[in-house]
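> Give me coordinates for this.
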Amino acid sequence: MNNITLDNITQAVIDHGDGGKAHPRLYEIYKSLVTHLHAFVREVNLTEQELQLGRDFLNRASHHTQEIPNGEIHMLTDLLGISELVELLHDTDRGTATESNLEGPTYVSDAPERKMGDRLGIDEDGDTLLLSGRVLDLNGQPIANALVDVWQPNSKGLYDIQDSNQLDGNFRGRYRTNTDGKYTFETVVPLGYNVPASGPCGQVLRLLGRHTWRAAHIHFKLSAPGYTPLTTQIFIDGDPHLDSDTTFSVKSAIVKLQKHETPEELKAANRDKLFYTTEFDFVLSPA
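Residues are numbered from 1 along each chain as shown. Purely as a prediction, here's the structure:
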């Protein structure tokens, strides 16, 4: 098309192709994205300088850093609430199954296989947490041999991939449920943390007056033959950022920790310092 004007440029971009004949879903997304992006540019009367700032921002966000080896694009969708919006859109028919939640940018596949009850990671400064529960179906029946893939930050709010003082695989592990659907492992109480803020995303958050805190949480991926895989998080009750988590992902999966510190409790558990316990049951939907 020639004689491009303000009135026809949006449609010209949409029509520049086969109209979705080869890839209908891609065209549907492309058409809507172009329509909304052009509307946004018109609404804010975007300048050439502002457009270049945006290009530079996306370019920097895509670069690998020590804090986020895969770059900040994944974190950017979390911070904009887009990741959680997609979760909410596609988690409406789960019934009584456990709610899904964000995977986040710190997941690493092939975490170490660990035995029931094993410690998830090494952290001499952390308060021990004994976490247990069951994996159930929608009828409350146990699911045996379900895979429970766990990852979390340490007591200082750092994941192994961000912290050179931790061994690879620290606070990551895969457990199998027993015949009663039970899982149990020993870890430390995770600390809420600031998302990596030394890069472009952190810079924009500060300019907007937004804080960078995530509420304390533990990540899970669960799977079993015949069931829909589940990715979710459980949050620690009492964290000061439950109501303002910067990824907007705190929903109903919040656990209370039971503190054990009396001499009788320590003796019964054969421990010499205080520890915490909590339980959480996961419910999977049929595939």
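> okay, Asp137: pLDDT?
We note a pLDDT of 96 for Asp137 in this prediction.
> give me the number of residues near it?
19 (other C-beta atoms under 10 Å). Where C-beta positions appear, they are placed from N, C-alpha and C, glycine not excepted.
> you'd agree it is up against Ile143?
Yes. Here Asp137 lies in contact with Ile143, judged by C-beta atoms under 8 Å, at a distance of 5.9 Å.
> any common contacting residues for these two?
Tyr227, Leu284 (C-beta atoms under 8 Å, 6 or more residues apart in numbering).
> any idea how far Gly181 is from Asp110?
Asp110 sits 24 Å away from Gly181, going by C-beta to C-beta, to the nearest Å.
> out of the two, which sits in the more crowded spot?
More crowded of Asp110 and Gly181, by other C-beta under 10 Å: Gly181, with 22 against 9.
> would you say Met183 is within a strand?
If you look again at residue 183, you'll see it is Tyr, not Met. Yes. Assessed with DSSP: H, G, I helix; E, B strand; the rest coil, Tyr183 lies in a strand.
> I figured it was touching Pro142, is that so?
No. Between Tyr183 and Pro142 there is no contact, the gap being 10.6 Å when judged by C-beta under 8 Å.
> quick one: common contacting residues for the two?
Each of Arg134, Val135, Thr177 lies in contact with both Tyr183 and Pro142 under the rule C-beta under 8 Å, 6+ apart.
> show me the contacts for Val13.
So Val13 contacts Val34, His38 (C-beta under 8 Å, 6+ apart).
> Quick check: phi and psi on it?
With angles defined as degrees, to the nearest 10, Val13 sits at phi -70, psi -40.
> from now on call the first residue 25
All set: I'll call the first residue 25, so the last point we hit is now Val37.
> how close does it get to Ala46?
17 Å.
> Same check on Thr203?
The value you get for Thr203 to Ala46, if C-beta to C-beta is used, is 50 Å.
> which stretches of the stretch 25-174 of the chain form helices?
Under the criterion DSSP state H, counting those that start in this stretch, the stretch 25-174 of the chain contains helices at 33-39, 48-68, 72-85, 97-103, 106-113.
> Of Tyr207 and Pro166, give the one with the bigger neighbour count.
Under the neighbour definition other C-beta under 10 Å, Tyr207 and Pro166 were set side by side, and Tyr207 has more, 25 against 16.
> Make a markdown table from the shared contacts of Tyr207 and Pro166 and add distance to Pro214 and neighbour count to it.
Converted to a markdown table, the shared contacts of Tyr207 and Pro166 look like this (distance: C-beta to C-beta, whole Å; neighbours: other C-beta atoms under 10 Å):
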| residue | distance to Pro214 | neighbour count |
| --- | --- | --- |
| Arg158 | 21 | 21 |
| Val159 | 21 | 28 |
| Thr201 | 22 | 24 |
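> Out of those residues, which sit inside strands?
Among the shared contacts of Tyr207 and Pro166, the residues falling in strands (DSSP state E) are Arg158, Val159.
> from the shared contacts of Tyr207 and Pro166, which is closest to Met140?
Met140 has its nearest neighbour among these in Thr201, at 8.3 Å by C-beta to C-beta.
> now the closest one: how far from Asp31?
According to C-beta to C-beta, Thr201 stands 61 Å off from Asp31.
> Please apply the same query to Asp192.
Asp192 sits 57 Å away from Asp31, going by C-beta to C-beta.
> what are the ranges of the strands in this protein?
152-160, 171-175, 196-200, 206-212, 217-218, 237-238, 241-247, 254-260, 278-279, 282-284, 299-303, 306-307.
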